[in-house]
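Visitor: quick one, structure for this:
(6 chains, ligands or ions: 12)
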Number of protein chains: 6
Amino acid sequence: MGDHGDAKDHASELKDIFSLKKIADAKYSYEDSDYVIFGVPFDNTSSYRRGSKYAPDSIRSAYVNLESFEFSYRFDLLRARISDLGDMEESEDVEYVVDQVDRVTKMVFSDGKIPIMLGGEHSITVGAVRNFPEDVHMVIVDAHSDFRDSYMGNKLNHACVTKRALEILGPNRITSIGTRSVSLEEYQDPDFEKVEFIPSFSVREYGIERFINDIERRPGRVYISIDMDGIDPAYAPAVGTPEPFGLTDYEVRRLVERLSYKAIGMDINEFSPLYDNGNTSMLAGKLIQVFIASREKYRIEHI
Amino acid sequence: MGDHGDAKDHASELKDIFSLKKIADAKYSYEDSDYVIFGVPFDNTSSYRRGSKYAPDSIRSAYVNLESFEFSYRFDLLRARISDLGDMEESEDVEYVVDQVDRVTKMVFSDGKIPIMLGGEHSITVGAVRNFPEDVHMVIVDAHSDFRDSYMGNKLNHACVTKRALEILGPNRITSIGTRSVSLEEYQDPDFEKVEFIPSFSVREYGIERFINDIERRPGRVYISIDMDGIDPAYAPAVGTPEPFGLTDYEVRRLVERLSYKAIGMDINEFSPLYDNGNTSMLAGKLIQVFIASREKYRIEHI
Amino acid sequence: MGDHGDAKDHASELKDIFSLKKIADAKYSYEDSDYVIFGVPFDNTSSYRRGSKYAPDSIRSAYVNLESFEFSYRFDLLRARISDLGDMEESEDVEYVVDQVDRVTKMVFSDGKIPIMLGGEHSITVGAVRNFPEDVHMVIVDAHSDFRDSYMGNKLNHACVTKRALEILGPNRITSIGTRSVSLEEYQDPDFEKVEFIPSFSVREYGIERFINDIERRPGRVYISIDMDGIDPAYAPAVGTPEPFGLTDYEVRRLVERLSYKAIGMDINEFSPLYDNGNTSMLAGKLIQVFIASREKYRIEHI
Amino acid sequence: MGDHGDAKDHASELKDIFSLKKIADAKYSYEDSDYVIFGVPFDNTSSYRRGSKYAPDSIRSAYVNLESFEFSYRFDLLRARISDLGDMEESEDVEYVVDQVDRVTKMVFSDGKIPIMLGGEHSITVGAVRNFPEDVHMVIVDAHSDFRDSYMGNKLNHACVTKRALEILGPNRITSIGTRSVSLEEYQDPDFEKVEFIPSFSVREYGIERFINDIERRPGRVYISIDMDGIDPAYAPAVGTPEPFGLTDYEVRRLVERLSYKAIGMDINEFSPLYDNGNTSMLAGKLIQVFIASREKYRIEHI
Amino acid sequence: MGDHGDAKDHASELKDIFSLKKIADAKYSYEDSDYVIFGVPFDNTSSYRRGSKYAPDSIRSAYVNLESFEFSYRFDLLRARISDLGDMEESEDVEYVVDQVDRVTKMVFSDGKIPIMLGGEHSITVGAVRNFPEDVHMVIVDAHSDFRDSYMGNKLNHACVTKRALEILGPNRITSIGTRSVSLEEYQDPDFEKVEFIPSFSVREYGIERFINDIERRPGRVYISIDMDGIDPAYAPAVGTPEPFGLTDYEVRRLVERLSYKAIGMDINEFSPLYDNGNTSMLAGKLIQVFIASREKYRIEHI
Amino acid sequence: MGDHGDAKDHASELKDIFSLKKIADAKYSYEDSDYVIFGVPFDNTSSYRRGSKYAPDSIRSAYVNLESFEFSYRFDLLRARISDLGDMEESEDVEYVVDQVDRVTKMVFSDGKIPIMLGGEHSITVGAVRNFPEDVHMVIVDAHSDFRDSYMGNKLNHACVTKRALEILGPNRITSIGTRSVSLEEYQDPDFEKVEFIPSFSVREYGIERFINDIERRPGRVYISIDMDGIDPAYAPAVGTPEPFGLTDYEVRRLVERLSYKAIGMDINEFSPLYDNGNTSMLAGKLIQVFIASREKYRIEHI
Ligand SMILES: [Mn+2]
Ligand SMILES: [Mn+2]
Ligand SMILES: [Mn+2]
Ligand SMILES: [Mn+2]
Ligand SMILES: [Mn+2]
Ligand SMILES: [Mn+2]
Ligand SMILES: [Mn+2]
Ligand SMILES: [Mn+2]
Ligand SMILES: [Mn+2]
Ligand SMILES: [Mn+2]
Ligand SMILES: [Mn+2]
Ligand SMILES: [Mn+2]
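Guide: Ligands and ions are numbered 1, 2, ... in the order given. Now for the predicted structure:
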């Protein structure tokens, strides 16, 4: 190694030239941010097509190609205070990972910030749910009811997320929208009625707006958990289990933009870049932008 | 080889451990079944993108990922009596293959069972048509009129299916829905008017329900033949000739679920796994489930 | 080499056996044609996913699988007088390429023919714009406003097309439809209001017909420039920058078929076969057919 | 259901027409066979690219394209007595799966038959090792030493196979060839020296024959376990972790054909069809043919 | 249409700007050329992976990226007199296609020119064989013996090429190199011995040079027919039936460059771009360059 | 935002949980490192298949799957002092990018550290060459001579790298190995002889060792620039222009490991992940490990 004095100067000069990869609009430190993005590259409990652990990386790569200016809101995302913490270290131990998410979201919530968590599998959402304040209603977009008590001997399998959330939150506090795949065992679970499952077929018949209205009318805040397979695979092909007859990309956008103003956080999960044609990563990135832009716009106009 | 006595015991023990691949919900023998699934891996007459002979295999692989419980009908498919015969041996001789399908469907119909045939090309449907009872109306989903008299010197080319069916069934007994590709020669065929071709553009304009109503109102039963290219390639990309401006997956689902109660059989063809992103195989599998679940539900409620 | 006399006879015999690849319906020479198709395989200014220079070739290959008879118009494209000139030589110099397009379209317009230009990038459209007669309104389908003054130091970057067109045509002569990606800099450009940008969200809310009505009502003729990314990536996945929430394939078809009768030309650009599943090339080919068939049908019925 | 009498006759007629998918050369029942092929579709412990559970299916599909006549041996595989039991039911519980393999191989060995096991992950091999007679030397082809004591808290992780085998077999009974990826922890394990690891670099330097000679010279029989990643990814691209600088396909062929005559069984694992270009499945199928053909040829000539 | 006088001038000006796609080094007319390249996009007899009919197009696209200067020969291909006739019209009638090839090669040979035929399937070669002068030895590169008498009832199936060639040429006039897949029926054909089949295993053992020596030593000229599956699929993955253990790309190059000086023609077939990663098309293009460059170099140095 | 005091504590706690992506073995700061890895995601001058700007990201992702322990050297890479600076900001201005590389490598060299630059295109190497001390010999692995004076009007096009390097370094200071694609213009350049180009064909004939001997024997140090297309596309398929008949992966490994002890730096470029099957990224990562491990091993043993 050369002269350390020089190296130090060089180190600081090099820091201006190089950077490690973050979400392109994330220009703030954790302390100074309102929105805290982080990745949880975990996909060890899924049974069919894996690869959701590559999602945070893929979303960051695609995001580079989005304008910072969100045209439909005439809002410049560089004016929002966004940080990107990077990714949690990989682990195959789902309990450990969920505990880490628990620990992280507790901090973020207690600092009055909005977590935007990039999965990984849906399992990780459980860690966030543990820290929901009492007034928070959970809004899930998902093709599946995720209502198994356990799967493959695992209570934190991604097929059990809603069941776990119900245990933590209690009845009448969860709406899951886009449902079209439920096992007999899940359907026969006496607790099944304690979650409001809105089939994608109902959304086709009645339109998304009335269901958003129902959620919006509730007092209190919301948390939005988007399992990308809730969206129709024509729009989001890169998921573990593509289920036909899903929600359109636009319907999910409506849900995000109409509820963001009362949201304490959001997560996007179950996107597996291994199966992507480039559309799913762009859609995930865009949903993050829509969430932040619509929320900020509301704050500017109402506060 | 070891002691045959032991081997025999082992053979039976091993039969409980291993199994050859079938549709996951097919738990019955032919004799005890109501629905008889079988594959016809034939794709020798198509001119553009081939590979539909791999479809039966691909549908079985995807089907594993579907719940046996069909949520929209609250129906457990394990309660339906389904058998899966496996696949017919491959042959490149279309006449032989169509004759085999003829022979097979004759048996299945005469046993009062419902054949669900997995193509292969559309050509194979002709074998089933030969055995339609007089009261049966044929319902085809297809982007193409398939109304050539012969193609490449072959009267059983997949481009001639509807023409052949008309010859067998006579006028006024076929409705083909989703039409958007017709050659001049086909259009000028004096028999063209003897089939009711419903352009996909009419479906966009008037909605699918009115056309299903027309079919449903007819006396007698139906047979449903689904050429996957009738569906828009955004939903079913893996077809020989993707034709834009097609039916939505949901429209075809509606047709299947509203007509299944009066159906004597169904086939799904022209799906080529070589071009799939995983969506087409899942959609094909799901259409089978919807067909059986809606039909069984109707029987339970009406009989 | 053999006896030249024989070789000459053979040469002419061989010309009947072999042919270089053209659009399948193009059977006329330039002189005898009404529609002049040509490719401009240029893609040097784009920043994300490239490959649009392979588009002309890919469209010709897919086009082979389309019927010459356009069923929805009951029109035989072989009755239209179409020529295909082949492709311009590749160059990486955007100014040279745009000048060549300028030179070519000047000739084609002055001969009273309709150019159908296959890109390549959107940049090439500028060459055509330079030759628009005064009564021509420019209709753009695009996800992007393409309204940068320059990009990467380049005034002819594909991100600057609409800005360049405005400079040539002046205010109130351009409608760009499908807009959903605009940078802050573009939005703040004082000239931004001089182009009518119709967001894809407005199309979802109000329907495409009313916006087509507005264009049709204007006196004079139109030119149609289709950036394939204006269409939703579920229908046209193979574009440089897939932007969710786009126009449907059917909406763009409506625009083409309703305006073709007053069109002096069309171009299709930004399609990158490297990312195609076969749907985008077929859609591009089909839009060409719809343009010609609907225009010819109108002429036959009105002239 | 129709008349059962007829249905029964039909059932037997249909059995001649249809069949469930097996390895093409497997025409014998378990009892009458010498070689017993079966699939173990398990891939739950791997950490990078998964999908080896699809391998048995993919190998059977590719195998159809191989001639039954093995040209290099002038041997017709239809003369070998081969059975294919199909696949074990999927499970995510590695201990259960390994126990099932243990149970199965015990039966097969005790019946004096040769198991040919199609993985799935390498983990499954442990079940077979538990039943090796004392004279059997284990020959592994692998890029990795698979010598971790446990991985992700799992003693049956695919990264621990050789370590587990050593515990069962004791020192000096395992040769692993093609080694080029070893962790520090594995290298420092005091038991590392008890297995003979032959680096792929040594094979390049000295040739494969001398290492086969060493194995062949040992008294007793062998078992061959082929982790497809032992082969260079230029020849076998579809593996979980492609490691450059591997063995050639031909070197592994040599090993198989020179040792088959003294082999009590073989397995092929870690092939993940999700990443295949068609070469890996053909190579796997061909290695099975070479194993059987060379072994039968030897028996014919020597017995 | 505009003023025809102008249009004519423009037509000629446009001809300088645009061109239809040819092999990049083909700058001569048929009459003035020594090497005559043409495509035969036919693939209707193959049974597994198709798509060889797209090969001529794909080779032309890849060829653009090759230097005209062949470095290893220090030879500028623009100095060779090469024409490219384009492609024969598609047909599904193999007899018609082979007859056309017969007709074409007769003309080309009689004009003293060298045909370079781009398949398409191997079947097409038979048309050329019919016109071989008596002194010509046929050199085939192929994984398969292609020695079936008929296949699927078709005597011109691509699995019968060598058998057909033998009938035309008689014994002792064909060497097929790279053989590793032969059916029992082919092997037992009493005529099998009348062709010299050189297994790929022999090439590995003895080196390619000695086998080329054997061919070169024969009096008279040669014709070279390259079935791309003769080459190992690591180098040429995009073939109908990838067979492991093949010839290296370099070995086939040696064969081409050492025999070109006495060659009356060459064909390259069975390359299916649908399965390519870009390597196979480049290799095919390069083999054409090596053939011409080595042949011309020889002529320059020896004549 | 919450209480800043807490947020600060949380920020530091979160820093232990999350991290931005680096090369897995890079655990040191710039100041404390001996090896300095950085990415230059630039690919704006290439003409065929692009995407090399995604290479640094892809190499980091693949690298995670490599063991830190390099088995062939029995060396733990965590004992080497490696830093990873991340990536330079993207720019389309090649002069600016090369100047930045110049500025960065000047600092790194002057601090006595070893730069390992991940391209991006080959163009970027020129920035490093400007800072070579006088005793340094440049060793290039490349299929192309890269000896154009300018290309597309650009003196820093990736096709001009060796020419530019010669201008800076003077004659007799560059060896380029693996050459097999040279244009006529390059070959006729009077300066062509001032670089030693070693054709890949010579390497096949004489073996790689003798050419490495020649380089090693020279006094002074070396710099190694690896254009991945120098390696045969069977081993490294994901390059801009795959050229058949290349060096094996093992030959390039030999060159790296034998020369690393006298190397002042290395770069790896022209790898385009868009075309990868996973092999090329692993090979690139492995070459970095081999470079560092062999160099450190030498230092440990000799110093
Ligand atoms: Mn979920
Ligand atoms: Mn889900
Ligand atoms: Mn059809
Ligand atoms: Mn059809
Ligand atoms: Mn544009
Ligand atoms: Mn655009
Ligand atoms: Mn292993
Ligand atoms: Mn391994
Ligand atoms: Mn052949
Ligand atoms: Mn062959
Ligand atoms: Mn280079
Ligand atoms: Mn290069």
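
Visitor: so where do the strands sit in the stretch 1-150 of chain A?
Guide: A:18-19, A:35-40, A:69-70, A:75-76, A:82-88, A:114-119, A:136-141 (DSSP state E, counting those that start in this stretch).

Visitor: tell me who's in contact with the closest residue to ligand 10 within the stretch 51-200 of chain A.
Guide: Ligand 10 sits closest to residue A:51 of the stretch 51-200 of chain A, with a gap of 35.6 Å, by C-beta to the ion. The way it works is simple: take the backbone N, C-alpha and C, and place the C-beta from them, glycine included. Residue A:51 is in contact with A:43, A:272, A:273, A:274, A:275, counting by C-beta atoms under 8 Å, 6 or more residues apart in numbering or on different chains.

Visitor: got CSV for the residues you listed, with secondary structure, pLDDT and neighbour count too?
Guide: Converted to CSV, those look like this (DSSP: H, G, I helix; E, B strand; the rest coil; pLDDT from 0 to 100; neighbours: other C-beta atoms under 10 Å in any protein chain shown):
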residue, secondary structure, pLDDT, neighbour count
A:43, coil, 85, 27
A:272, coil, 92, 26
A:273, helix, 90, 21
A:274, helix, 86, 19
A:275, helix, 88, 20
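
Visitor: tell me which two of those residues sit farthest apart.
Guide: A:43 and A:275 (12.6 Å; C-beta to C-beta).

Visitor: nearest to chain D: which residue in the stretch 151-300 of chain A?
Guide: Using C-beta to the nearest C-beta, the single residue of the stretch 151-300 of chain A nearest to chain D is residue A:152, 4.0 Å away.

Visitor: so that residue sits right up against residue D:93, yeah?
Guide: Yes. Taking contacts as C-beta atoms under 8 Å, residue A:152 lies within contact range of residue D:93: 6.9 Å.

Visitor: which sections of chain A are below the confidence cut-off?
Guide: Scanning chain A for pLDDT under 70 picks out A:1-4, A:45-49.

Visitor: that one against ligand 9: which residues are in contact?
Guide: Applying the criterion C-beta under 5 Å from the ion, no portion of chain A neighbours ligand 9.

Visitor: biggest helix in chain A by residues?
Guide: The single longest helix within chain A, with elements called by DSSP state H, is helix A:279-302.

Visitor: what packs against that helix?
Guide: Counting contacts by 3 or more C-beta pairs under 8 Å, 6 or more residues apart in numbering or on different chains; DSSP states H and E, helix A:279-302 is packed against helix A:55-63, strand A:69-70, strand A:75-76, strand A:114-119, helix A:249-259, strand A:263-269.

Visitor: same list, the ones you listed, but as JSON lines with distance to residue D:60 and mean neighbour count please.
Guide: Below are those laid out as JSON lines (distance: least, C-beta to C-beta, whole Å; neighbours: other C-beta atoms under 10 Å in any protein chain shown):
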{"stretch": "helix A:55-63", "distance to residue D:60": "33", "mean neighbour count": "24"}
{"stretch": "strand A:69-70", "distance to residue D:60": "51", "mean neighbour count": "24"}
{"stretch": "strand A:75-76", "distance to residue D:60": "55", "mean neighbour count": "20"}
{"stretch": "strand A:114-119", "distance to residue D:60": "35", "mean neighbour count": "26"}
{"stretch": "helix A:249-259", "distance to residue D:60": "38", "mean neighbour count": "22"}
{"stretch": "strand A:263-269", "distance to residue D:60": "34", "mean neighbour count": "24"}
